[in-house]
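Q: take a look and give me a structure for this.
(chains A, B, C, D, E, F, G and H)
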Number of protein chains: 8
Amino acid sequence: MNDTKKLLEDVRQGRVTVDDALLLLKKEPFTDLGFAKPDMHRGILQGAGEVIYGAGKTSAQIVNIIKAMKESGQENVLITRLSDDKAADIKKEIPVEYFPEAGIAIAGKCREIDGIGRIAVVSAGTSDMRVAEEAFLTARFLGNEVIRIYDAGVAGIHRLFARLDDIMSAKVVIAVAGMEGALASVVGGLCEAPVIAVPTSVGYGASFNGLSALLSMLNSCASGVSVVNIDNGFGAGYQASLINHVS
Amino acid sequence: MNDTKKLLEDVRQGRVTVDDALLLLKKEPFTDLGFAKPDMHRGILQGAGEVIYGAGKTSAQIVNIIKAMKESGQENVLITRLSDDKAADIKKEIPVEYFPEAGIAIAGKCREIDGIGRIAVVSAGTSDMRVAEEAFLTARFLGNEVIRIYDAGVAGIHRLFARLDDIMSAKVVIAVAGMEGALASVVGGLCEAPVIAVPTSVGYGASFNGLSALLSMLNSCASGVSVVNIDNGFGAGYQASLINHVS
Amino acid sequence: MNDTKKLLEDVRQGRVTVDDALLLLKKEPFTDLGFAKPDMHRGILQGAGEVIYGAGKTSAQIVNIIKAMKESGQENVLITRLSDDKAADIKKEIPVEYFPEAGIAIAGKCREIDGIGRIAVVSAGTSDMRVAEEAFLTARFLGNEVIRIYDAGVAGIHRLFARLDDIMSAKVVIAVAGMEGALASVVGGLCEAPVIAVPTSVGYGASFNGLSALLSMLNSCASGVSVVNIDNGFGAGYQASLINHVS
Amino acid sequence: MNDTKKLLEDVRQGRVTVDDALLLLKKEPFTDLGFAKPDMHRGILQGAGEVIYGAGKTSAQIVNIIKAMKESGQENVLITRLSDDKAADIKKEIPVEYFPEAGIAIAGKCREIDGIGRIAVVSAGTSDMRVAEEAFLTARFLGNEVIRIYDAGVAGIHRLFARLDDIMSAKVVIAVAGMEGALASVVGGLCEAPVIAVPTSVGYGASFNGLSALLSMLNSCASGVSVVNIDNGFGAGYQASLINHVS
Amino acid sequence: MNDTKKLLEDVRQGRVTVDDALLLLKKEPFTDLGFAKPDMHRGILQGAGEVIYGAGKTSAQIVNIIKAMKESGQENVLITRLSDDKAADIKKEIPVEYFPEAGIAIAGKCREIDGIGRIAVVSAGTSDMRVAEEAFLTARFLGNEVIRIYDAGVAGIHRLFARLDDIMSAKVVIAVAGMEGALASVVGGLCEAPVIAVPTSVGYGASFNGLSALLSMLNSCASGVSVVNIDNGFGAGYQASLINHVS
Amino acid sequence: MNDTKKLLEDVRQGRVTVDDALLLLKKEPFTDLGFAKPDMHRGILQGAGEVIYGAGKTSAQIVNIIKAMKESGQENVLITRLSDDKAADIKKEIPVEYFPEAGIAIAGKCREIDGIGRIAVVSAGTSDMRVAEEAFLTARFLGNEVIRIYDAGVAGIHRLFARLDDIMSAKVVIAVAGMEGALASVVGGLCEAPVIAVPTSVGYGASFNGLSALLSMLNSCASGVSVVNIDNGFGAGYQASLINHVS
Amino acid sequence: MNDTKKLLEDVRQGRVTVDDALLLLKKEPFTDLGFAKPDMHRGILQGAGEVIYGAGKTSAQIVNIIKAMKESGQENVLITRLSDDKAADIKKEIPVEYFPEAGIAIAGKCREIDGIGRIAVVSAGTSDMRVAEEAFLTARFLGNEVIRIYDAGVAGIHRLFARLDDIMSAKVVIAVAGMEGALASVVGGLCEAPVIAVPTSVGYGASFNGLSALLSMLNSCASGVSVVNIDNGFGAGYQASLINHVS
Amino acid sequence: MNDTKKLLEDVRQGRVTVDDALLLLKKEPFTDLGFAKPDMHRGILQGAGEVIYGAGKTSAQIVNIIKAMKESGQENVLITRLSDDKAADIKKEIPVEYFPEAGIAIAGKCREIDGIGRIAVVSAGTSDMRVAEEAFLTARFLGNEVIRIYDAGVAGIHRLFARLDDIMSAKVVIAVAGMEGALASVVGGLCEAPVIAVPTSVGYGASFNGLSALLSMLNSCASGVSVVNIDNGFGAGYQASLINHVS
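A: Residues are numbered from 1 along each chain as shown, chains lettered A, B, ... in the order given. Next comes the predicted model:
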């Protein structure tokens, strides 16, 4: 911003001609106008800030990115989709806490809880747990109180109903399920809060690596359900946190 | 059968040589051996008997088939996938009872109720009704007591639970649903009877004309669920009747 | 509720034995316990209350449902996916306001605006307008201030940027786009609010009736984007309203 | 159950007020009302009881689940989708019988045979054997007499016909086939019993991992055929057992 | 041809230089060398000669093509995929024989029967008849003796077996089936002749307009089966004729 | 542009303070900075200028857009995907030349030919002509000399080779084909120019409305082939014109 | 056969009663009637005889099958889809000749060449060679003279044309190609013989493991092309041999 | 060429008769007429010349091809899709420069820069870099000045805009993106040059290995975008080079 202001003052005081200023303004509309700043103040928001997508990066690359972030002032960093091996490698270089069941490491600490209310993460089966934990930790990292309701698939619907209070009192519900993904519709029919559905690739045969659950959730007969990509626990936790911080 | 017996007697009495008999037997193993007879006594079983698939046939063709059936002794005939127009045309020629909400006409009458117990037809939404009615009438025609539990989709799950007694006491349950097809899993989780799931083409967008519900049902996390083709109410009613007559 | 309370009082005063009461409670857990009531007080929430999905229903059916709703106290009803013809038919029977560009009619009036902030509906092309208007009117009906930013596809990205203020100040953004659906990612990258993406079936050839936009939106590289079914403007407006009323 | 009964008695004897009882009943409708009990008495029925889906679980996890089941009184447990290695590991901890060709282990013993009649498992090729054996052992474990008719694909149809007696006398037929899945239609045309078709992922190229067989079976021109997921031998054996125990 | 020969003679006699001849030869390798002639002598073979694909052409266009063919010496022309209306229009202009059940018209006459043996066209259901008839008439037009075995689907396999003699004695078999397309495998398993399989779009739901039958036929467990496009009766009849004329 | 320049001059001369100028610049970075100008000077380039996509617009809407364009100085407008009826309606209001075989109307006139060389449009069959003509007219309208080589499918490859000179001398080749789309590979193998391949929806059955040709072209074994959407003749003509004007 | 004949003679001479004979005939129609014999005399024809599909079988299993075949008189056996390792294992037990580039081993020897003419195997790229060699060796094993024309893809069409004589003089042509599969159409357009097209899984990205080539070949604009499964070189060689032995 | 010229001279001087010459010319139209020569002078153009597709070839095979090329005068060879291991192996035999981030090795050197202007390679994320580098090096090898603009995905659109000058001044733009592929549309909307879009297989879940990006790019709402196969960086670089050399 300073740059633009300075340019305008240069124009005012005749140090820069109008035409030169025009050229500069046209040439770099975004950087000159401080457009890059959103990238700064938005912090974690577009994943470029405090979140590292760990898949497909080497331990060394991840360590370097964390260091660079710290240098630019980001104390708290969430790293997703880590293997146990990579996490161990990173730990040797930088102090991080690793959550193997979520494939997530956290450098620094989670944000203070400052959301509107609680987020509930409901999952259908134990095989969906990694995705559910990714959603849980992401939302927790971003400053939300989160409760977990696992192994509550619709084939044993009383287990889901036993937790009805928790589901109904949440401000946002994340529904994680593979196979036929029916959980999203049942949960969507039970609660008044927005539901973020996460299809998982759990299943075999005609689950087609999560396609079945994905289509199921997109076609939910319950209103108030929106969907993220297959296995995208992070995306659901992130979206839920945005909603839980709307104000 | 007579033919083969007669042939053997001809052989015995020297009216036919062994080689000629051998040739005849080899040449026509099925007709000679009365293999075609199963086609007779199995009656309705393979759809060739007392059931007419009405789609793609003219009213005149259907009338002719019914007449031919009657002549060969089939008094009771079920005709599926009829339009109102065709049904009206047929009625002019032959006395049939037409059920417009099912697209079914019945010539003659339904079989006496002789199944093991009751069949329940559960459907998710009013749009699924035509398919549900096709299943209902097929099962009724084939000699089953059938109860209908409609508009019991999982988004308003209390409506489903209000009929739990009926669902739990049925010997076979037919679950009819479009969109995300979650009904099959919920019903499959609630009852101990075999569940025949019928995906319907109800929905839009990513329902892909029933594909969503089909995949959902094939991946049901509840055991005891098997699936028929999209919109195949007849197939479900038929299979349910077979099960309700196992003995 | 009364029923359960009355039953308990009957137990207390010895008019009903404990065992009989137990049986009644077990037999009808949902109706007895007033479980159906959520269906009442949740009102519009699951679409069973104040919203009618007009596709596949006759004008007469719709009129009857509206009348029944009014009788049970629902003064304000939203009817989606109406054709001009059906709307005209309904108008003859009941006073409704019809919005042809959205295919929506409203009986009664919209809720007072009581959301947290504004919802922005951004759409890519004029062909996406019907879906965008469905989202717009749904959100407005449910008590939200909504602004529309149409014809802001990414091929002419300056038109989108000209409305950056409106997009950035919204509490929830609905991004409506067919063809390649890139709008959702660009908008998701520009704003900090949760984005509900609506793929539309606009396009031809390899758009495969909205599949292209759907996949595109599910794979958005921007965080904070969740997706509803193809052409599901109502679902997006509904989910956005839920979010804009979180508290 | 005791809890609810006790609560009612407390109400009767004035130890708990009606309002407090009402609150308790509403808050926990399911656990309080003994709703979990179906989960108990239904036993194996929904797979939560005596069946363990072994894929994706470690040997240690499986051992723990079996032990927990035994402690709660489940003597007989079926574990599916085991590798030879895992089975060996489990054997070191718990006495189980392992059937490598089915990938199944059984702790305890199979139920006494108490079904209505016999179940026939027909399979097309030797490559389909693992799925067929899974169906066979599941049905046997659940108390059914089961006969196996393997390598009876339609390309050598006389081998199938040589076993016609066995097929025709079965109360339920399970048809297991990969590639083009034609077996289901041929068997469905030959017998009067309900047929449960299991598509397998056997094949290459345009079999698309079982999609070809799946579609083929869903479109069977023979009535009385319903379908389970690709490679789901357990589901077919389970459904067949339900049918063979209808009464 | 003359042109090239003439050129060579010109070279020989010095009327054209070697370099000029070289240039001419290089520039027009195909026309100069009479390459177009194969198009002449191959006649019907590539469909450019005596066969007209009628779909998407107006009656007037078809009439003009037939007239042009006749002028260039083609007396006998096969026109496929005609509607009754177009056929009637064409008849007014040119004498043709129209076969409504095949959607085919023939101007002139069929070739004398000169194939190696007989071709058998086997079809599964009456709905497949149009495609089967297209195959039948194409093969007949091209000089083959053809027998028809219709309504011989695998659900009533005895009807197929009743015609075993005809199938087994054919030199080529065309198997036409929609739905699950099992007919191709069964026929392929019964006969030693090459089988040309034609999937049809007959069916509904998960037949996906012939995809099910197509995949089924491509995955046939019987050797000796090759496949043409969905509903491509002409292609099968043409290929069968080629095979029946191999020498 | 003037606006920003004027603002800068206002700053220079003290008519506007630096802070006010800064605010104005930040608030409307795009319009203020003349960012919209690309939209102006790019003219036709992004389809927003001189091209109207006629599908899904009424005649009245199209007439209005043309008039608005003319008022803003665009004399020459291309309207694609017109029906004969719409074209007739438009003609009543505005002088346009209509090309029915391309579904295109042109108001005003084509640009003077100013491309580098010639563009060749090669198409496989007569059914592909509409798409080919759309490409042809688009490229011609945009100032290119274009030659047409139609009905040159690979099944009669000598017809293609007869035009080798034309193909080889073109600066860009557009290859239009449906069905199996092999033309793109053959042409790509024959010429050194960039080839823009246009799959068409011509075909039936397993052509899946152009999917077959699309995949074929994307997998071309010939280098130098890129692909546009199914039936997108306009896109190919446009891209070819861009290439033919690179300088 | 003997059995049935013997039975008839027993009947004739009174050693067996007519009723007993009838029972025997009905009970085992196929084996009794010598129906299994086709399985015998058809030999290799349905793959059950002299051909072993090696994929998914252990070396030991293959050795056992070969030994069993030899014992029942089959001297010559073709084993497909072998890895080098398995081939080496088999060689230790049984003398076989192994062709690594085809993944085929032959025990015994090829049939004497007795076909009508030559079969040509044309393939597009070197990567397609394994499939092409499988077709080549299968056809050679079955008694055909086969010529190979490899690396003749359409991107370098002169290499294909250089072998025009060989292609045009073949009685059957097998066209093997991955990627876009255009070879089948070009070859189909050039020759008058029946063409068996084999799509291969060669390619990447949008080749979708052979789907692209498969669809391409099914939609071939050239008549006289039929298609086998992806990578099914054996099937093409087998079908070609059938055709080359029609008589 | 020599051969044909020599033949003509032989004709001229009577050493060969006209008929013999005619025969020779007809028999081998392509080789005789020097048709193979295009293959020579076109050099790299169809990939047969100076480019080796390394995937699926052994190091030894690649070395042999390079040597053969060198012997026939090709000094400069580009080898794509190499692993580090293979590259190391090749280096032992032949001097090549290996670029691990592109999987490319170059024997000899790049062509002198002789294109019309600059090519810009824009990529969305770091994971897309390998494909982007393949495009970059291919274009550079073929004689183009190329600039790289990486990590410029639309979720952080200011990074893309910061390089607007470079994008807008390029003669051709290559847009490389996985996931939702929105980059192609945004870039296509910003620049006037032809855009070659390369979808990558980067992503997970509903990216379906690049299908999402592929469909997105084919449906781009921006004109002037054409598409190559998933991950086909070479194809894009090659096509861009053709365009940048049009003259």
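Q: what sits against the residue in chain A that chain G sits nearest to?
A: Relative to chain G, the nearest point of chain A is A:F208 (13.6 Å; Cβ to the nearest Cβ). For every residue, glycine as well, the C-beta is placed using N, CA and C. A:F208 makes contacts with B:L215, as judged by Cβ atoms under 8 Å, 6 or more residues apart in numbering or on different chains.
Q: secondary structure element for A:A139?
A: In this structure, A:A139 sits in helix A:129-141 according to DSSP states H and E.
Q: and that helix, what does it pack onto?
A: Other elements packing on helix A:129-141 under the criterion 3 or more Cβ pairs under 8 Å, 6 or more residues apart in numbering or on different chains; DSSP states H and E are strand A:77-80, strand A:104-107, strand A:118-123, strand A:145-149, strand A:172-177, strand A:195-199, helix A:233-244.
Q: what do you get if the cut-off is 10 Å, keeping everything else the same?
A: If you count contacts as 3 or more Cβ pairs under 10 Å, 6 or more residues apart in numbering or on different chains; DSSP states H and E, helix A:129-141 packs onto strand A:77-80, strand A:96-99, strand A:104-107, strand A:118-123, strand A:145-149, strand A:172-177, strand A:195-199, helix A:233-244.
Q: buried residues in that helix, which are they?
A: Within helix A:129-141, the residues scored as buried using 16 or more other Cβ atoms under 10 Å in any protein chain shown are A:129-141.
Q: next: stretch A:8-16.
A: So stretch A:8-16, judged by 16+ other Cβ under 10 Å, has buried residues A:8, A:10-12, A:16.
Q: swap in stretch A:93-107?
A: Buried residues in stretch A:93-107, counted by 16+ other Cβ under 10 Å: A:96, A:98, A:102-107.
Q: so does that stretch get close to chain H?
A: No: Stretch A:93-107 is not in contact with chain H by Cβ under 10 Å from any Cβ of the partner chain; minimum separation 12.8 Å.
Q: if we can go back for a sec, off-centre distance for the helix holding A:A139?
A: For helix A:129-141, the separation from the chain centroid amounts to 9 Å (computed by Cα atoms, centre = their mean, to the nearest Å).
Q: next, the angle strand A:195-199 makes with that helix.
A: Using axes from the mean of the first three to the mean of the last three Cα atoms, to 10 degrees, the inter-axis angle of helix A:129-141 relative to strand A:195-199 is 140 degrees.
Q: where does the nearest residue to A:G125 once chain neighbours are set aside land on pLDDT?
A: Using Cβ to Cβ, 6 or more residues apart in numbering or on different chains and skipping residues adjacent in sequence, the residue nearest A:G125 is A:G153, 5.4 Å away. Listed pLDDT for A:G153 reads 85.
Q: who's in contact with A:G153?
A: Counting by Cβ atoms under 10 Å, 6 or more residues apart in numbering or on different chains, A:G153 makes contact with A:122-126, A:128, A:159-160, A:177-180, A:182-183, A:186, B:185, B:189, B:221-222, D:46, D:48.
Q: now do the contacts for the nearest residue to A:F99 once chain neighbours are set aside.
A: Distance criterion Cβ to Cβ, 6+ apart; nearest residue to A:F99, sequence neighbours excluded, is A:L137 at 5.9 Å. The neighbourhood of A:L137, defined by Cβ under 10 Å, 6+ apart, consists of A:78, A:80, A:99, A:101-106, A:110, A:121, A:146, A:233-234, A:237.
Q: now do the same for A:A60: helix, strand or coil?
A: With DSSP: H, G, I helix; E, B strand; the rest coil as the basis, A:A60 sits in helix.
Q: so what's the residue count around it?
A: 12 (other Cβ atoms under 10 Å in any protein chain shown).
Q: now do the one 10 residues further on
A: The local packing of A:K70 (other Cβ under 10 Å) involves 15 other residues.
Q: could you list the residues in contact with the helix or strand containing it?
A: Assigned by DSSP H and E, A:K70 falls within helix A:59-71. Identification of contacts with helix A:59-71 by Cβ under 10 Å, 6+ apart yields A:49-54, A:57-58, A:74-77, A:79, A:82-83, A:85-94, A:96, A:105, A:107-108, H:126.
Q: could I get the helices and strands packed on helix A:129-141 as JSON lines with mean pLDDT and distance to G:P199?
A: Converted to JSON lines, the helices and strands packed on helix A:129-141 look like this (pLDDT from 0 to 100; distance: least, Cβ to Cβ, whole Å):
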{"stretch": "strand A:77-80", "mean pLDDT": "94", "distance to G:P199": "39"}
{"stretch": "strand A:96-99", "mean pLDDT": "96", "distance to G:P199": "46"}
{"stretch": "strand A:104-107", "mean pLDDT": "96", "distance to G:P199": "43"}
{"stretch": "strand A:118-123", "mean pLDDT": "97", "distance to G:P199": "41"}
{"stretch": "strand A:145-149", "mean pLDDT": "97", "distance to G:P199": "48"}
{"stretch": "strand A:172-177", "mean pLDDT": "97", "distance to G:P199": "37"}
{"stretch": "strand A:195-199", "mean pLDDT": "97", "distance to G:P199": "32"}
{"stretch": "helix A:233-244", "mean pLDDT": "97", "distance to G:P199": "37"}
